[in-house]
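**Student:** The following comprises the amino acid sequence and a computationally predicted model.
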Amino acid sequence: MTYAKEKEVAIAAATAAAKLCEQVRADIPQAIEKKDKSPVTVADFGAQAIICQALAAAFPDDPVVGEEDAKELRKPEMAETLTKVTHYVQALSPDATPEDVTRWIDHGNGQVSSRYWTLDPIDGTKGFLRQDQYAVALALVENGEVKVGVLACPAMPLDGGQTGALYVAVRGEGATMVPLSGGEPQRLQVVMADDVANFRFVESVEAAHGDQSKQNAIAQAVGITTESFRVDSQAKYGIVASGKAALYLRLPSPKYPDYRENIWDHAAGAIVVEEAGGRVSDMYGQPLNFAEGSKMMNNRGIVVSNGTIHDQVIAALAEN
Ligand SMILES: Nc1ncnc2c1ncn2[C@@H]1O[C@H](COP(=O)(O)OS(=O)(=O)O)[C@@H](OP(=O)(O)O)[C@H]1O
Ligand SMILES: [Mg+2]
């Protein structure tokens, strides 16, 4: 199976969604608070609508497991917000009505099954609001294995001065980066052990999404002496896949010991790093489980590496 159509549809949908997000960001979006107190914006809803519209048309039988739902948007007090979302969606899909928009968002509330897509329309919403890094993350999973992953990172600085990266991976075919503004795909390769300048580690901007003191201790234990750099969203996976860091650590926050990771926060990034030659596991070295449900109940913490240091990182975690 080559996944040629899946790859093409995913690239087009994520690129369109990234365009919508950048348009919203240029207009300075307001944060809306979700029930779990995390922020959401009209761009999160619009990006999920645009991507689900494309997936429903191309692969009508595939469920989509996405982060957002339209329940709140349908409430009368949210009418103005829904109008705004529809306005941004219409820039890409001129005939879209508010009913279409909520229906497309609903399409993203499917269940994990033997073949499904998982979508984070804006990963790193806090970074998005800060005018910093964020990612549109879309992945196809079959029998628990990620087969296709696309990560659009509109704020990623590129060598040569451009901004905006699209990371793409298909299982067994390698990973590439294409500038979001267009151009030739460049093959991605994780950092080699002798590349001292890039032997760094990345972690979340939000301290509450990890355990920064332990993350630092583990990085030091495997010989990374420079300070971490902090980046929002799955852009961190893109950075490791591009050989600009050797390690991304996300260890359970002492403040939220019961937190479980969402599949859409990792599926697309994980295949991009693996296909660039790296490794991804939980903090015990276990593979990430994309087969059970939207939360990875049996995984704790995330370790993403260039591969050469992976076992050493897992050993250091077992000792600390
Ligand atoms: N307590 C806790 N622990 C770990 N992870 C958490 C936690 N709370 C939230 N989240 C999820 O983190 C997603 C944001 O990713 P990052 O932490 O990499 O980016 S950031 O630093 O928050 O910008 C963010 O994704 P989005 O909601 O899509 O932005 C959340 O799903
Ligand atoms: Mg997310």
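**Tutor:** The structure has been received and is ready for your questions. Ligands and ions are numbered 1, 2, ... in the order given.
**Student:** For ligand 2, what's its nearest residue on this structure.
**Tutor:** In the chain, the residue that lies nearest ligand 2 is residue 123 (3.6 Å; Cβ to the ion). Quick note: C-beta positions are derived from backbone N, CA and C, even for glycine.
**Student:** count of neighbours near residue 287?
**Tutor:** Residue 287 has 13 neighbours, counted by other Cβ atoms under 10 Å.
**Student:** residues contacting the nearest residue to it once chain neighbours are set aside?
**Tutor:** Using Cβ to Cβ, 6 or more residues apart in numbering and skipping residues adjacent in sequence, the residue nearest residue 287 is residue 281, 6.0 Å away. Residues in contact with residue 281 (Cβ atoms under 8 Å, 6 or more residues apart in numbering) are 287-288, 302-303, 310, 314.
**Student:** I'd like the residues you listed laid out as CSV, including pLDDT, secondary structure and distance to ligand 1.
**Tutor:** What follows is the contacts of residue 281, written out as CSV (pLDDT from 0 to 100; DSSP: H, G, I helix; E, B strand; the rest coil; distance: Cβ to the nearest ligand atom, whole Å):
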residue, pLDDT, secondary structure, distance to ligand 1
287, 98, coil, 19
288, 98, coil, 14
302, 98, strand, 9
303, 98, strand, 14
310, 98, helix, 20
314, 98, helix, 19
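**Student:** okay if I get these as TSV plus distance to residue 190?
**Tutor:** Shown next, in TSV, are those (distance: Cβ to Cβ, whole Å):
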residue	distance to residue 190
287	18
288	17
302	16
303	14
310	11
314	17
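**Student:** Within reach of ligand 2, which of those are there?
**Tutor:** With Cβ under 5 Å from the ion as the criterion, those include none near ligand 2.
**Student:** Buried ones from these, can you make that a PyMOL selection?
**Tutor:** In PyMOL syntax, the buried subset of those is picked out as below (16 or more other Cβ atoms under 10 Å):
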select buried, resi 288+302+303+310+314
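**Student:** For residue 276, state which of the contacts of residue 281 is nearest.
**Tutor:** Nearest to residue 276, judged by Cβ to Cβ, of those is residue 310 at 13.6 Å.
**Student:** give me every residue that touches that closest one.
**Tutor:** 279, 281, 285, 303.
**Student:** and the first one, how far is that from ligand 1?
**Tutor:** So the one you mean is residue 279. 18 Å (Cβ to the nearest ligand atom, to the nearest Å).
**Student:** Begin at 41, not 1, for the rest of this chat.
**Tutor:** OK, 41 is where the count begins now, so the last one is residue 319.
**Student:** Mind pulling the model confidence for that residue?
**Tutor:** pLDDT for residue 319: 98.
**Student:** just checking, it touches residue 347?
**Tutor:** Yes. The pair residue 319 / residue 347 is scored as a contact, 4.7 Å apart, by Cβ atoms under 8 Å.
**Student:** Mind listing residues that contact stretch 129-141?
**Tutor:** 56, 59-60, 63, 85-86, 89-90, 93, 110, 122-123, 125-126.
**Student:** Quick one: mean pLDDT over that stretch.
**Tutor:** 98.
**Student:** and the stretch 191-340 of the chain, which of its residues are near ligand 1?
**Tutor:** 244-246, 248-249, 272-273, 293, 296, 299, 302, 305 (Cβ under 6 Å from any ligand atom).
**Student:** Give me the buried entries from these.
**Tutor:** Applying 16+ other Cβ under 10 Å to these flags 244-245, 249, 272-273, 293, 302, 305 as buried.
**Student:** need these in CSV with secondary structure, can you?
**Tutor:** Formatted as CSV, those follow (DSSP: H, G, I helix; E, B strand; the rest coil):
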residue, secondary structure
244, coil
245, coil
249, helix
272, coil
273, coil
293, coil
302, strand
305, helix
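**Student:** Please enumerate the strands of the protein.
**Tutor:** Taking DSSP state E as the test, the strands found in the chain are 72-73, 79-80, 104-106, 155-163, 175-182, 185-197, 203-210, 214-219, 226-227, 241-243, 269-270, 287-290, 319-321, 342-345.
**Student:** deepest of these, which one?
**Tutor:** Highest mean neighbour count of the strands of the chain: strand 175-182, a mean of 28 (counted as mean count of other Cβ atoms under 10 Å).
**Student:** Does ligand 1 have contacts with it?
**Tutor:** No. Counting by Cβ under 6 Å from any ligand atom, ligand 1 is not contacted by strand 175-182; separation bottoms out at 8.3 Å.
**Student:** same question, stretch 90-100
**Tutor:** No. Stretch 90-100 stays clear of ligand 1 (Cβ under 6 Å from any ligand atom), getting no nearer than 13.8 Å.
**Student:** average pLDDT for that stretch?
**Tutor:** Across stretch 90-100, the average pLDDT comes to 98.
**Student:** And stretch 51-60, by the same measure?
**Tutor:** The model assigns stretch 51-60 a mean pLDDT of 98.
**Student:** and if you look at stretch 170-187?
**Tutor:** 98.
**Student:** Wondering if it reaches ligand 2 at all.
**Tutor:** No. Using Cβ under 5 Å from the ion, stretch 170-187 stays clear of ligand 2, with a minimum separation of 7.2 Å.
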